[in-house]
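Student: Quick one, fold the following:
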Amino acid sequence: MKRSQINTILREAEAFIGTSGFKLPAWASYTPDIWAAKLASGDYDEVRDLALGWDVTDYGQNDFAKVGLTLFTIRNGSLTNPRYPKGYAEKLLISEAGQVCPCHFHFNKREDIINRSGGTLAMQLWQSTAEGELSEDTFTVSVDGRRVCCTPGLILRLNPGESVTLEPGVYHAFWAEEERVLIGEVSSVNDDENDNRFYVPQARFPMIEEDEAALWLLCNEYR
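Tutor: Predicted structure coming up:
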């Protein structure tokens, strides 16, 4: 991805989040120069160490409009660093119409995916096998506290205000239908380095062509 494209995506994401009335922390709009000073002070180690903040990815496909996601991690903990004993995480995600987040599951993370506002969020679900394949078995998920039986590959549609709980090992791919969706994620600790299993191997973070200066740093760029 080009840095100029990422900058445009970030500006649009901030504006879209603002239309929902959701407020981001002040450091969401710190420039790279501000971050240089803040991180040197040690006061923002938690932001750096837990990869909080902006995250724009095309999953290495170089076609963000079709395969990609914009995220903002608000809070997180660590399973390995005793400095950060928090056992939960919270994110905002933005899915564009027709833009797929590729099929994946988490080994450890249990998550609630919430349609906060916008259009309809479509999510295709499978249980995984012990070998990491798509299971042919039926399984259940909780949709706003209601038990729903899922056949393999079921497409679940969530309207604004609706949510689903995904247990570890449940494959899911999702996209917005007709118009972009602001998604909330409330989960156990998030670990992008070790806890994602894509059905088809994907790059988690994009390769960036630096055609202009960065507007804001991404969560994997603080170091």
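Student: for the protein, which spans come out with low pLDDT?
Tutor: Applying pLDDT under 70 to the chain flags no residue at all.
Student: ranges for the strands of it?
Tutor: When secondary structure is read from DSSP state E, the chain shows strands at 53-57, 69-75, 88-95, 101-106, 111-127, 139-143, 146-150, 154-158, 163-166, 170-188, 196-198.
Student: deepest of those, which one?
Tutor: Among these, strand 53-57 has the highest mean neighbour count (mean count of other CB atoms under 10 Å), at a mean of 23. In short, each C-beta sits where N, CA and C put it, glycine included.
Student: Check which residues of the lengthiest helix in the chain are buried.
Tutor: The helix that spans the most residues within the chain, counting by DSSP state H, is helix 3-19. For helix 3-19, burial by neighbour count (16 or more other CB atoms under 10 Å) applies to Gln5, Ile6, Asn7, Ile9, Leu10, Ala13, Glu14, Phe16, Ile17.
Student: hang on, the earlier thing: among the strands of the chain, which is nearest Asp211?
Tutor: Go through the strands of the chain one by one with CB to CB and the one that ends up closest to Asp211 is strand 53-57, at 14.8 Å.
Student: and Gly119, how far is that from Ser135?
Tutor: 29 Å (CB to CB, to the nearest Å).
Student: next one: Glu179
Tutor: According to CB to CB, Glu179 stands 32 Å off from Ser135.
Student: Then Thr57?
Tutor: Thr57 is 27 Å from Ser135, by CB to CB.
Student: Likewise for Ala214?
Tutor: When Ala214 is compared with Ser135 (using CB to CB), they lie 42 Å apart.
Student: before we move on, what about Arg147?
Tutor: Distance from Arg147 to Ser135, by CB to CB: 18 Å.
Student: Met123 too?
Tutor: Here the criterion is CB to CB. By it, Met123 lies 17 Å from Ser135.
Student: Tell me which of the strands of the chain lies nearest to Glu221.
Tutor: Across these, closest to Glu221 is strand 53-57 (CB to CB), at 9.1 Å.
Student: Summarise which helices and strands that closest one is packed against.
Tutor: helix 3-19, strand 69-75 (3 or more CB pairs under 8 Å, 6 or more residues apart in numbering; DSSP states H and E).
Student: hmm, 6 Å instead?
Tutor: With contacts taken as 3 or more CB pairs under 6 Å, 6 or more residues apart in numbering; DSSP states H and E, strand 53-57 sits against strand 69-75.
Student: and the strand it packs on, how far out from the chain's middle?
Tutor: How far strand 69-75 lies from its chain's middle: 6 Å, per CA atoms, centre = their mean, to the nearest Å.
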